[in-house]
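Colleague: Provided below for reference: sequence and predicted model.
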Amino acid sequence: MLTAYRAELEALRKRPGNDVDALIKVTHELAAVQSELEEANGKQAQRVQRVETEILNISIQSDRSKSFWRPIALAMSNFGGSLSQGISSTITGLAYLLPWALVIGLVIGVSRKLWRRRKLH
């Protein structure tokens, strides 16, 4: 619609016998229509690019068709990463447990001292 409207405005602008005021109004309207047309073309280009870039490729494979040794080989190839992940989890766990072990040790030590004093008296 904007393209057809722009063509009509251009035809009005080229028509002989227009006064200056009418030419200014037609030129102003033509500029506004051209701006709207360029904006719409830009939005359309963005939508086309978005549709083209959001293509999803799906690959489905069956584990039954794999050989007997494939899972074992996969586990062996992931062994180093799994080992390092386990060690890092253990270190993180110790970092959380160490302060609690100190607090529990202090509580047990103080309670044993109080228990011994109570038994002696």
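Modeller: The structure has been received and is ready for your questions. For clarity, every value in this text was computed on a predicted model and none was experimentally measured. Numbering: from 1, shown residues only.
Colleague: quick one, phi psi at residue 78?
Modeller: Main-chain torsions, residue 78, degrees, to the nearest 10: phi -90, psi 0.
Colleague: and it, how many neighbours does it have?
Modeller: Neighbourhood size, residue 78 [other Cβ atoms under 10 Å]: 11. To be clear about C-beta, it is placed using only N, CA and C from the backbone, and glycine gets the same treatment.
Colleague: so what does the helix or strand of the chain with the lowest mean pLDDT touch, helix or strand wise?
Modeller: Within the chain, no helix or strand scores below helix 2-14, which has a mean of 84 by mean pLDDT, DSSP states H and E. Here helix 2-14 touches helix 20-53, going by 3 or more Cβ pairs under 8 Å, 6 or more residues apart in numbering; DSSP states H and E.
Colleague: How is the protein partitioned into domains?
Modeller: 2-53, 89-121 (automatic domain parsing).
Colleague: winner for burial among the ones you listed?
Modeller: domain 2-53 (a mean of 12; mean count of other Cβ atoms under 10 Å).
Colleague: For the spatially most central residue of the chain, which phi and psi angles does the backbone take?
Modeller: The structure's the chain has its C-alpha centroid closest to residue 54; by Cα atoms, centre = their mean the separation is 13.2 Å. Here is the backbone geometry of residue 54 (degrees, to the nearest 10): phi -100, psi 50.
Colleague: Tell me how far it lies from residue 48.
Modeller: 11 Å (Cβ to Cβ, to the nearest Å).
Colleague: Next: residue 107.
Modeller: Noted for residue 107: a distance of 68 Å to residue 48, by Cβ to Cβ.
Colleague: and the residue nearest to the centre of the chain, how far is that from residue 40?
Modeller: In terms of Cβ to Cβ, residue 54 sits 21 Å off from residue 40.
Colleague: Which one of the domains of the chain has the poorest average confidence?
Modeller: Mean pLDDT is lowest for domain 2-53 among the domains of the chain, at a mean of 86.
Colleague: Look at residue 58 and give its secondary structure.
Modeller: coil (DSSP: H, G, I helix; E, B strand; the rest coil).
Colleague: what number of residues lie near it?
Modeller: Neighbour count for residue 58, taken as other Cβ under 10 Å: 4.
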